[in-house]
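Q: here you go, sequence then predicted model.
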Amino acid sequence: MTKKVKIESGALSVLLLIAVLIWVFHFRSAPASQSSALSVVANYKAMAVENPHVHWDRLVEAQQTEYQTVGRDIFTGGLPPPPVPVPVQVPQVEVHDTPPPPPPPPPPARLPLKYFGYGTLESGPGRRAFLTDGDAVYIVAEGDTVLGRFRVIRITHSSLEFEELLTSRHGVTVLEEQRSAP
């Protein structure tokens, strides 16, 4: 045998040995890969799809959409020229020399209770006012808060002065005398 034949036969035997090893390892490891593939298939859970049907209306709408250009050339790096500004006619406003009159003052505060009498305590200073809303009677002194919204400022024999706490507006309510029944 010549040297060339010896090299060729040696290379052939090495290639055959490699082919046999690949074949053995391929068939020997096949059941393991099949079992792992089976476990992947067994563990597969389908995605929750509310409606698996094709939405034909959306498909038709997408097919009928037409491209509208904005005037920009995508092959050049620049923007299109800006639009020509249209002159706007601004109406002229007459300027008055005198300022507008101030708004009228807010109306005086109104107490939703009826002031029907007053009195004094023997042991204490100051007067007490008697107020009613029909069913309930309130007895208040100067500085007291009524209904959580009104503060009594001054009690006289004919009127009651108060302040609305939210707006700081002052008001006066007059003593209403009760008529006697005939």
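A: Done, it's in. All values derive from a computational prediction rather than experimental measurement.
Q: scan the protein for its longest helix.
A: helix 3-42 (DSSP state H).
Q: that helix packs against which elements?
A: Helices and strands touching helix 3-42, by 3 or more CB pairs under 8 Å, 6 or more residues apart in numbering; DSSP states H and E: there are none. Using the backbone N, CA and C atoms, a C-beta is placed for each residue, glycine as well.
Q: need the next SSE after that helix, C-terminal direction.
A: Counting by DSSP states H and E, the next helix or strand C-terminal to helix 3-42 is helix 56-64.
Q: sketch out the low-pLDDT regions of the protein for me.
A: Applying pLDDT under 70 to the chain flags the ranges 29-38, 72-73, 80, 96, 178-182.
Q: domain ranges for it?
A: If you go by automatic domain parsing, the domain ranges for the chain are 1-40, 114-174.
Q: of these, flag the one that's most buried.
A: domain 114-174 (a mean of 14; mean count of other CB atoms under 10 Å).
Q: ends of stretch 67-77, what's the gap?
A: Terminal residues of stretch 67-77 are spaced 21 Å apart (CA to CA, to the nearest Å).
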